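S.K.: For reference, the sequence and a predicted model appear below.
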Amino acid sequence: MCFFFLPQVCLRQAKNGILWASIMSLLHKRIEAILTQIRPAIQLDGGDLEFVDFLPETGVVMVRMHGACVNCPMSQVTLKMGIEATLKDAMPEITEVIALT
C-alpha cells in the first residue's frame, strides 16, 4: 500500500475508491508542512508564498507568491531551485511547481 510515497499509478487507482479524499488530504498536509519549513527563508527577503492546489494527475503543485516575490526578478529561481527542488526531494510524486498570478 502506498500511503507515504504515492506513485501516479496508485493515485489513479485510488481516485475511484473511497480513500481518495483521505489521500488528497494527506498530500495537501505534507505539501503544507514542507512549505512551512521553506517559508521563513522567503519571509526574510520580504516575500511569502501560499499553497493553492496539487494536481495528482500531473504532479503539479500550484503556489502564489506574495510581497517582495511578486516583482522580484529572482522569484523564478527561488521557485524552481528552492521551492520545487525541496518539494520534489521530499515527495517524488511532485513533478513541477508553478506560480499563479
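M.R.: Received it, and whenever you're ready, just let me know what you need. Numbers count the residues shown, from 1 in each chain.

S.K.: quick one: the longest helix seen in the chain to chain centroid distance?
M.R.: Longest helix in the chain, counting residues (DSSP state H): helix 20-44. Mean-position distance between helix 20-44 and its chain equals 7 Å (C-alpha atoms, centre = their mean, to the nearest Å).

S.K.: Stretch 39-55 now?
M.R.: Per C-alpha atoms, centre = their mean, the centroid offset for stretch 39-55 relative to its chain is 10 Å.

S.K.: Repeat that for stretch 68-79.
M.R.: 17 Å.

S.K.: do the same with stretch 87-95
M.R.: That offset, for stretch 87-95, works out to 8 Å (C-alpha atoms, centre = their mean).

S.K.: Please apply the same query to stretch 36-56.
M.R.: The answer for stretch 36-56 is 9 Å, by C-alpha atoms, centre = their mean.

S.K.: Can you list the buried residues in that stretch?
M.R.: Across stretch 36-56, burial judged by 16 or more other C-beta atoms under 10 Å covers Arg39, Ile42, Gly47, Leu49, Phe54, Pro56. All C-beta spots, glycine's among them, are computed from the backbone N, C-alpha and C.

S.K.: Which of those sits closest to Thr101?
M.R.: Leu49 (13.0 Å; C-beta to C-beta).

S.K.: wait, what's in contact with the closest one?
M.R.: Leu35, Ile38, Arg39, Ile42, Val63, Arg64, Met65, His66, Cys69, Ile83 (C-beta atoms under 8 Å, 6 or more residues apart in numbering).

S.K.: Now distance to Ile23 and pLDDT too, for these, in a markdown table please.
M.R.: Putting the contacts of Leu49 into a markdown table (distance: C-beta to C-beta, whole Å; pLDDT from 0 to 100) gives the following:
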| residue | distance to Ile23 | pLDDT |
| --- | --- | --- |
| Leu35 | 19 | 96 |
| Ile38 | 23 | 93 |
| Arg39 | 24 | 94 |
| Ile42 | 28 | 94 |
| Val63 | 20 | 97 |
| Arg64 | 24 | 96 |
| Met65 | 27 | 95 |
| His66 | 28 | 95 |
| Cys69 | 30 | 93 |
| Ile83 | 22 | 96 |
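
S.K.: Alright, I will stop here.
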